[in-house]
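Undergrad: Here is a sequence with its predicted model. Questions after.
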Amino acid sequence: MDALLPRAFFDRLAEEVAPDLLGCVLTRSTPEGDVSVRLTEVEAYAGLRDPASHAYRGQTGRNAVMFGPPGHAYVYFTYGMHFCVNLVCQGEGTAAAVLLRAGEIIEGGELAAARRPRSTERDLARGPARLCEALGIDRALSGADVCSPSSPLRVLPGSPVPGIRTGPRTGVSSAKDVPWRFWVDGDPSVSPYRVHTPRRRTVIDRA
DNA sequence: CCAATGATTGACT
DNA sequence: GTCAATCATTGGA
């Protein structure tokens, strides 16, 4: 079996780990089979020192995994319907993490397509919630050790990636100026950039 | 207790 | 370009 990324890889600042994750491969194993994605877009979050991080205001039940050791998955549920996955970085207590935003499916494409039946091949993992859906990642995987060979979610090294670009993070409502989104220039699986738009008032709000 | 909203997506004008 | 879906989590009353 191929060697996984060592835990030391993740024991660094998230903004240092993030570009090194591009080209690496995330594999999800289920009884139905394996699906693997080659990462093409990620975002770094610096935990306690980052206003855009879920961990900015300290440890809660939801973000507890981020305060643990590096090399584990932090999965959260958002907008009432989507999951997103991060990989915890740096030492315990810092709550740094890298959000996995997009990639190219390189194994298990049939299973990924079955999980996302209305998606084109290009869009299978083009976005953080799409990536999770294609790989079958949900809350149950939060805390999974991606450095362990027996884990249902693992990360393997990739070949060095040319053309890494950086820019502001997508969809965040604070610290928009920090250029901690990293992607592979020109890769079709990179998600379209969208600025954060505050939600409008609903009918119930006006009643 | 309760109201607000989100590290998004897909559908639609 | 605009907008609704849909609910866990959060922070404040």
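TA: All right, it came through fine. Residues are numbered from 1 along each chain as shown, chains lettered A, B, ... in the order given.

Undergrad: burial of the one residue in chain A that gets nearest to DNA strand C, as a residue count?
TA: When you check chain A against DNA strand C by CB to the nearest atom of the strand, the closest residue turns out to be A:Gly80, at 2.6 Å. Where C-beta positions appear, they are placed from N, C-alpha and C, glycine not excepted. The number of residues packed around A:Gly80, counting by other CB atoms under 10 Å, is 5.

Undergrad: From A:Ala14, how far off is it?
TA: With the distance defined as CB to CB, to the nearest Å, A:Gly80 ends up 27 Å from A:Ala14.

Undergrad: just to revisit the earlier point, model confidence score at the residue of chain A closest to DNA strand C, please.
TA: Note on A:Gly80: pLDDT of 98.

Undergrad: That one falls within a helix, correct?
TA: No: for A:Gly80, which was evaluated using DSSP: H, G, I helix; E, B strand; the rest coil, the result is coil, with no helix membership.

Undergrad: contacting residues for it?
TA: With contacts taken as CB atoms under 8 Å, 6 or more residues apart in numbering, A:Gly80 has no neighbouring residues.

Undergrad: distance of it from DNA strand B?
TA: Here A:Gly80 is placed at a distance of 5 Å from DNA strand B (CB to the nearest atom of the strand, to the nearest Å).

Undergrad: what do you get for A:Ile164?
TA: Separation of A:Ile164 from DNA strand B (CB to the nearest atom of the strand): 19 Å.

Undergrad: and that residue, how many neighbours?
TA: The number of residues packed around A:Ile164, counting by other CB under 10 Å, is 16.

Undergrad: same thing with A:Ala102?
TA: A:Ala102 is flanked by 25 other residues according to other CB under 10 Å.

Undergrad: That one and A:Leu26 touch, don't they?
TA: No: because the distance of 11.2 Å does not satisfy CB atoms under 8 Å, A:Ala102 is recorded as not touching A:Leu26.

Undergrad: Mind listing the shared neighbours of these two?
TA: With contacts taken as CB under 8 Å, 6+ apart, the residues that reach both A:Ala102 and A:Leu26 are A:Leu39.

Undergrad: Next up, the contacts around A:Ser36.
TA: Neighbouring residues of A:Ser36 by CB under 8 Å, 6+ apart: A:Val25, A:Leu26, A:Thr27, A:Arg28, A:Ile105, A:Ile106, A:Glu107, A:Gly108.

Undergrad: do the helix or strand containing it and DNA strand C meet at all?
TA: Secondary-structure element containing A:Ser36, defined by DSSP states H and E: strand A:33-45. No: for strand A:33-45, no contact with DNA strand C is found by CB under 7 Å from any atom of the strand; the gap never falls below 14.0 Å.

Undergrad: and that strand, which strands flank it?
TA: strand A:25-30 (antiparallel), strand A:96-107 (antiparallel), strand A:181-184 (antiparallel) (DSSP bridges).

Undergrad: Alright, calling it a day.
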